[in-house]
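Engineer: got a structure for you, letters missing:
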């Protein structure tokens with residue numbers, strides 16, 4: 001069987017260490033009894049361990065060469081290998097609207113986009129595991145006050161408990177990436193309602209972290225312009241920088257922004 005050539009434009013780095021591949025596949029065991037969707041299986045190094053588990057498995061692969069290879073290597077999976085772009089898919093259609101675990105050796109250049117899509121379907125995805133660039137993993141798992149703490153940290157931790165599981169050296173890939181990798185697991189927490197407008201929450205988080213070195217009273221002017229009251233900017237929280245705020249404090253800040261917008265009758269475009 002002819003091997004698949006890793007394609008730079010797709011960010012493909014094929015894992016070659018079977019022990020690590022099995023360890024990553026086993027991270028889905030923390031969320032048993034529901035199907036698994038693997039993103040970017042490549043040559044199936046993780047897939048071969050996932051299909052031994054007593055649950056349905058499907059795989060999404062954009063590379064046509066990889067799809068052909070997988071169909072030949074895993075004939076029993078043939079109807080469950082989806083040759084599409086994950087970022088363009090309606091995830092309600094994967095398992096007929098039922099919940100599933102998301103996993104994979106994620107393409108590093110679109111991993112953040114994958115997790116933003118996960119958040120859009122968070123009620124369908126109680127558990128997400130897999131391997132990403134170590135820097136991104138540290139960002140997702142970072143606590144307030146940490147330099148790595150940012151947009152991904154807040155938006156994901158609002159809905160998921162994050163575990164940084166282990167680091168993976170660059171030498172176990174073909175071709176080797178220029179960075180180290182890490183395996184993480186995100187498990188849906190018990191939050192059903194943030195307690196604020198969710199779309200405005202995202203807007204506030206992204207706005208203030210785009211000027212992360214500035215105090216909130218400066219960065220929030222991008223939302224209000226000069227229309228917010230001096231009293232709004234005089235509140236204690238406004239002297240903080242975004243990396244100092246917990247998820248709950250971002251919820252409180254979002255409600256403050258919404259209340260101020262209502263007071264001054266300003267429509268906030270989200």
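Structural biologist: Structure received. Computed from a predicted structure; not experimentally measured. Residues are numbered from 1 along each chain as shown.
Engineer: can you pull out the helices in the protein?
Structural biologist: 18-25, 47-50, 64-73, 111-120, 134-141, 151-157, 198-209, 216-219, 221-224, 230-233, 247-263 (DSSP state H).
Engineer: can you put these in a markdown table and add mean pLDDT and mean neighbour count?
Structural biologist: Bear in mind the C-beta positions are built from the backbone N, C-alpha and C, glycine included. Below are those laid out as a markdown table (pLDDT from 0 to 100; neighbours: other Cβ atoms under 10 Å):
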| stretch | mean pLDDT | mean neighbour count |
| --- | --- | --- |
| helix 18-25 | 96 | 18 |
| helix 47-50 | 96 | 20 |
| helix 64-73 | 92 | 17 |
| helix 111-120 | 96 | 17 |
| helix 134-141 | 97 | 20 |
| helix 151-157 | 98 | 23 |
| helix 198-209 | 96 | 20 |
| helix 216-219 | 95 | 18 |
| helix 221-224 | 90 | 16 |
| helix 230-233 | 93 | 13 |
| helix 247-263 | 95 | 17 |
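Engineer: export those to a markdown table and tack on distance to residue 163?
Structural biologist: Formatted as a markdown table, those follow (distance: least, Cβ to Cβ, whole Å):
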| stretch | distance to residue 163 |
| --- | --- |
| helix 18-25 | 13 |
| helix 47-50 | 19 |
| helix 64-73 | 29 |
| helix 111-120 | 14 |
| helix 134-141 | 7 |
| helix 151-157 | 12 |
| helix 198-209 | 22 |
| helix 216-219 | 30 |
| helix 221-224 | 33 |
| helix 230-233 | 38 |
| helix 247-263 | 16 |
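Engineer: and of those helices, who's closest to residue 240?
Structural biologist: If you check each of the helices of the chain against residue 240 by Cβ to Cβ, helix 216-219 wins as the nearest, at 5.8 Å.
Engineer: Confirm for me that residue 126 is in contact with residue 188.
Structural biologist: Yes - at 4.3 Å, residue 126 counts as touching residue 188 under the criterion of Cβ atoms under 8 Å.
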